[in-house]
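Colleague: Give me a 3D structure for the following:
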Amino acid sequence: MDSSTQARNQTPGFAELYTPKLVTVLREGYGLAHLRADATSGLTVAVVALPLSMAIAIASGATPAQGLITAIVGGFFVSLLGGSRFQIGGPAGAFIVLVAATVAEHGIDGLILATFLSGLLLATAGFLRLGTFIKFIPFPVTVGFTAGIAVIIFASQLRDLFGLSLVAEPGALADKLPALWQVRDTLTPAALGLSAVTMTIIVGLGKLRPGWPGMLIAVAFAAIAVRVFGLPVETIGSKFGGIPSTLPMPSLPEFSPVKVRAVLPSAVSFALLGAIESLLSAVVADGMTGRRHRSNCELVAQGVANLGSALFGGFCVTGTIARTATNVRSGAHGPVSGILHAAFLLIVMLVAAPLAAFIPLAALAGVLVVVAWKMVEKTAIRTLLRSGRGEIAVLSATFLLTIFRDLTEAIVVGLAIGSVVFIQRMAQATEVDSHMPLVSGDLADSTSPRGAYHEELAADPDVVVYRIKGALFFGATASIGTVLDRINDHHKALVIDFSAVPFLDSTGAQMIAELARKAERQGVILWLTGADRAIRRAFLARGLRRPQVRYAPTVEAALLSMKEEDERHESGGSASMSASNPLANPA
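Modeller: Now for the predicted structure:
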């Protein structure tokens, strides 16, 4: 059988690509212990999602009931049909800007229709297998628009945070801040106090008792304070009349050609951001667990979740990084955890809906301020600011356009600038040697000596060697990462040779950093060889030092160092590798 036929036979079919992870988990065998683990993690995530879903909905111009409906219906379908084992779906803070703008321009009916259309777009993108291309978004772009969204979320909460009285709050940041400043005399001390106490409790419990549900405890404390002391602050009950204790009956949104054309740009924005956010969340879960998601299956599930949310009167759904990470840290076994998280939220809605009327909006504003602060990837920003003017330009443009223009425009411009920077760097990295003939002649072995050949090292099945040729940039990390992701605990060492890599951008460096963390978790020794000074500097900026990784000038030097270390272990020697072989870590 030739290689092409073998490759075709190994290509997964339609059913394999779109089989939900829930089916995979059940096929593995699902017992009572697994159910217990999923129930515990599902309850933990529900406790986090309860106040957050209502806060995001209110900040988006929707009702708290719509936030809960979105978390219940959307979260159920994301876990039921998704291609990620640990993804938790629901309303996300990243959508606040887009949803608020859609509500202001088209109303709640327009928001529901845009959500429905975005579901169709996401499902179509998944079936067209476009999920792979979403991974080509450069790392500085995602960091930039996430930080920009965090700033807008913070600004959107200033009115409730200080209890200001403002009838019509402008949407644009440049108009919002002067309008809020003009009504600064209407500040409500009780609202400011509740916001401060809420944030203090969340941050304090996060440091002292990280396993406790800080957001729920803080919001419950604020609601009790309002009820007991009769504080003069705005609550969910006073503004929205509370939340219903049942799910509404499903119904199709109102369709008309004029309405569809009007909300289509919003639907496209929802679908684009939803795809990026959900697949980014799935990648984070993969990095935490060592599993691998199916991106196109995940997009189809996100599409169905948005369709379902719209049918019940909710708004746009996506995979949420914070809740997904909480799900993993809580010991989830599989998608049943996300399904139970939706069930627990439904039970709360059916049983405890009247109590939500006492929740002050100032407390929910405090919750979102903490969320906005955590959204800013501060470590990543510091790293990008040290990575060069190109990364700074992409990061700054995306950040500023997100704040002052439009999120979709920010992503498009950021991607364009990132592409131009890459092309410019590739032009600088490419050179032509005028003395190099078109057809290279034979060379003597003495021209480029390689040292002694060690047949036992070349045939060692415990050592895997990869040689990367060409630029390792954001467009190549998806395919190269798929190959490098195949490492497992059956190997004792992985050697990656960078001697033929002329350029490495921040996305490529981030991929290697994630690979190093995975290798460390699995007990695999990672060697990086042949890296020039610029590439080594990018790795060191991300903390890739011993003992997490080891450096060598050549593959042969790394293999020789491993051989010498094995011989020392066999002879009972205790000398360190760096002492016996200075090539192992020349940095």
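Colleague: What is the burial count for E277?
Modeller: 24 (other Cβ atoms under 10 Å). Backbone N, C-alpha and C define where each C-beta goes, glycine included.
Colleague: Secondary structure element holding the closest residue to I417 other than its chain neighbours?
Modeller: Nearest non-adjacent residue to I417, counting by Cβ to Cβ, 6 or more residues apart in numbering: V394, 5.0 Å away. V394 is part of helix 389-404 when elements are defined by DSSP states H and E.
Colleague: pLDDT of that helix, averaged?
Modeller: What helix 389-404 shows for mean pLDDT is 91.
Colleague: again with stretch 338-345
Modeller: The model assigns stretch 338-345 a mean pLDDT of 95.
Colleague: quick one: contacts of it?
Modeller: Residues outside stretch 338-345 that contact it (Cβ atoms under 8 Å, 6 or more residues apart in numbering): 22, 38-39, 41-43, 45-46, 49-50, 53, 68, 71-73, 75-76, 78-80, 82, 86-89, 327, 332.
Colleague: Just the ones of these in strands?
Modeller: G89 (DSSP state E).
Colleague: Show me where the stretch 351-500 of the chain has its helices.
Modeller: With helices called from DSSP state H, counting those that start in this stretch, the stretch 351-500 of the chain shows them at 361-375, 378-385, 389-404, 407-429, 455-458, 477-484.
Colleague: helices or strands up against the longest one?
Modeller: This means helix 407-429. helix 139-156, helix 257-289, helix 389-404 (3 or more Cβ pairs under 8 Å, 6 or more residues apart in numbering; DSSP states H and E).
Colleague: If we use 6 Å, what do you get?
Modeller: helix 389-404 (3 or more Cβ pairs under 6 Å, 6 or more residues apart in numbering; DSSP states H and E).
Colleague: quick one, the helix it packs on and helix 139-156 angle?
Modeller: 30 degrees (axes from the mean of the first three to the mean of the last three Cα atoms, to 10 degrees).
Colleague: got the angle for helix 389-404 vs helix 378-385?
Modeller: Using the same axes, to 10 degrees, helix 389-404 lies at 130 degrees relative to helix 378-385.
Colleague: So, low pLDDT: which residues of the stretch 301-450 of the chain?
Modeller: 426-450 (pLDDT under 70).
Colleague: Please report how far the residue nearest to I417 lies from I411.
Modeller: Between V394 and I411 the computed distance is 11 Å (Cβ to Cβ, to the nearest Å).
Colleague: go on, V167?
Modeller: Counting by Cβ to Cβ, the gap from V167 to I411 is 33 Å.
Colleague: now G29
Modeller: 42 Å.
Colleague: ok, the spatially closest residue to V370 that is not a sequence neighbour - how many residues close by?
Modeller: Leaving out its chain neighbours, the residue that sits closest to V370 by Cβ to Cβ, 6+ apart is I202, at 5.0 Å. For I202, the neighbour count with other Cβ under 10 Å is 24.
Colleague: quick one: which of the contacts of stretch 338-345 sit in helices?
Modeller: 22, 38-39, 41-43, 45-46, 49-50, 53, 68, 75-76, 78-80, 327 (DSSP state H).
Colleague: of those residues, buried ones?
Modeller: Buried members of the ones in helices among the contacts of stretch 338-345, scored by 16 or more other Cβ atoms under 10 Å, are 22, 38-39, 41-43, 45-46, 49-50, 53, 68, 75-76, 78-80, 327.
Colleague: What ranges in this structure fall below the confidence cut-off?
Modeller: 1-12, 135, 426-461, 475, 478-479, 482-483, 485-490, 572-587.
Colleague: what separates E298 from G13, distance-wise?
Modeller: 18 Å.
Colleague: Can you pick out the residue with more neighbours from the two?
Modeller: E298 (29 against 8).
Colleague: Surely the more buried one and G82 touch.
Modeller: Yes. Between E298 and G82 there is a contact at 5.3 Å, judged by Cβ atoms under 6 Å.
Colleague: What about L345, how many residues nearby?
Modeller: Count around L345 with other Cβ under 10 Å applied: 25.
Colleague: what's the answer for I137, then?
Modeller: 21.
Colleague: Need the three-state assignment for it.
Modeller: Of the three states, I137 takes coil under DSSP: H, G, I helix; E, B strand; the rest coil.
Colleague: I321 versus the nearest residue to it once chain neighbours are set aside, what's the distance?
Modeller: Closest residue to I137 in three dimensions, ignoring its sequence neighbours and counting by Cβ to Cβ, 6+ apart: I276, at 6.1 Å. Using Cβ to Cβ, I276 is found at 11 Å from I321.
Colleague: So those two - more neighbours on which side?
Modeller: I321 (24 against 20).
Colleague: ok now do that one, which residues does it touch?
Modeller: S281, V284 (Cβ atoms under 6 Å, 6 or more residues apart in numbering).
Colleague: 7 Å instead?
Modeller: L280, S281, V284 (Cβ atoms under 7 Å, 6 or more residues apart in numbering).
Colleague: ditto for V97
Modeller: I149, I152, L407.
Colleague: How many neighbouring residues does the nearest residue to the first one once chain neighbours are set aside have?
Modeller: In space, not counting the residues next to it along the chain, I149 is nearest to A94; the distance is 5.1 Å by Cβ to Cβ, 6+ apart. Using other Cβ under 10 Å, A94 is surrounded by 26 other residues.
Colleague: wait, A94 sits on A275?
Modeller: No. If you go by Cβ atoms under 7 Å, A94 and A275 don't touch, sitting 11.9 Å apart.
Colleague: export stretch 296-309 as CSV, just CAs?
Modeller: Extracted in CSV, the C-alpha atoms of stretch 296-309 (Å, rounded to 0.1, in the frame of the first residue of the first chain):
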residue,chain,number,x,y,z
ASN,A,296,-15.6,21.7,13.4
CYS,A,297,-17.8,19.5,15.6
GLU,A,298,-17.5,22.3,18.2
LEU,A,299,-18.6,24.9,15.8
VAL,A,300,-21.7,22.9,14.8
ALA,A,301,-22.6,22.5,18.5
GLN,A,302,-22.1,26.2,19.1
GLY,A,303,-24.5,26.8,16.1
VAL,A,304,-27.1,24.5,17.5
ALA,A,305,-26.7,26.1,21.0
ASN,A,306,-27.3,29.6,19.5
LEU,A,307,-30.4,28.4,17.6
GLY,A,308,-31.8,26.8,20.8
SER,A,309,-31.1,29.9,22.8
